[in-house]
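*Asks:* this is a predicted model, with the sequence first.
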Amino acid sequence: MTTTTTNIATTTGTASTNIPTTTTNIDTMADDMTSKDMATTTTNIRTTPTNIPTTITNIPTTTTNIPTTTTTMPAKSVALSPTTTTTTTSNRIMPAKSTTTSTTTTTIPTTTTSTCRKPGVEYPLSINYGELRDALDRGAVMLVDVRQPWELKQTGRLPWSVNLPLDQLESAIQLSENEFMEKYGFPKPEPEDTNVVLTCRSGRRVRMAWNILEPLGYCNVRLYFGSLVDWKANGGPLL
């Protein structure tokens, strides 16, 4: 007969002690006994239990307080070299470049534009052969021939006419009365005069003369459009 006793482990705290339990094997030997004998013979088998004191060893739990050491490492102060920004300012004053601009002043003679035209009047004013012949006979007009002097000698000129070449007309009008008289030998026509008549060879140059005189206020000047050609055609005398 085999009796098995389980190991009892008592754990206290953090230490565990295994206490072995003694197992006693009680073997009843009845090999020499027969079944018959066993029937009549009572064998008191005393089981002697082995008192196995259970020893519980109190293992004190030792709590070791390990102090936590906080080591404060001093921050290593690293002094950084300050960044030096060097700004170089040039105080050199650049001399201002002097630019000389040449100003050319052109003096343009001021031409006064006349408003001498009258409403409802057709300009330029004109005169025909008969009107001119009558006015010359009465001495009521100043007849100005704008041809060149050599033409007058070559083809003749109208009676009582004076000569002022077309290419000198504009500058002649700018002269004073005395200067004009000295140069051309007759009185200088004025814008307000109503007795001035222009003539040429065929009438073309008197129109050009009008374009010069009209802006200067000579709106009363009359043009003999037929000029020398018409004068001769009507049998007018020549000098």
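*Replies:* Nice, I can see it.
*Asks:* tell me the contacts of Val141?
*Replies:* With contacts defined as C-beta atoms under 8 Å, 6 or more residues apart in numbering, Val141 is in contact with Leu132, Ala135, Asn195, Val196, Val197. Every residue, glycine included, has its C-beta placed from N, CA and C.
*Asks:* of those, closest to Leu216?
*Replies:* Of all the contacts of Val141, Val196 has the smallest distance to Leu216: 12.4 Å, by C-beta to C-beta.
*Asks:* now the closest one: how far from Trp150?
*Replies:* 24 Å (C-beta to C-beta, to the nearest Å).
*Asks:* likewise Glu214?
*Replies:* As defined by C-beta to C-beta, Glu214 lies at a distance of 28 Å from Trp150.
*Asks:* can you list the contacts of Val141 in CSV and add neighbour count, pLDDT and distance to Leu228?
*Replies:* Compiled in CSV, those are given as follows (neighbours: other C-beta atoms under 10 Å; pLDDT from 0 to 100; distance: C-beta to C-beta, whole Å):
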residue, neighbour count, pLDDT, distance to Leu228
Leu132, 22, 96, 12
Ala135, 18, 96, 17
Asn195, 14, 95, 20
Val196, 17, 97, 18
Val197, 23, 98, 13
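*Asks:* so which of those residues belong to strands?
*Replies:* Using DSSP state E, the subset of these located in strands is Val196, Val197.
*Asks:* okay, the contacts of Val141 in a markdown table with distance to Arg117 next?
*Replies:* Listed next are the contacts of Val141 as a markdown table, based on distance: C-beta to C-beta, whole Å:
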| residue | distance to Arg117 |
| --- | --- |
| Leu132 | 23 |
| Ala135 | 23 |
| Asn195 | 19 |
| Val196 | 16 |
| Val197 | 18 |
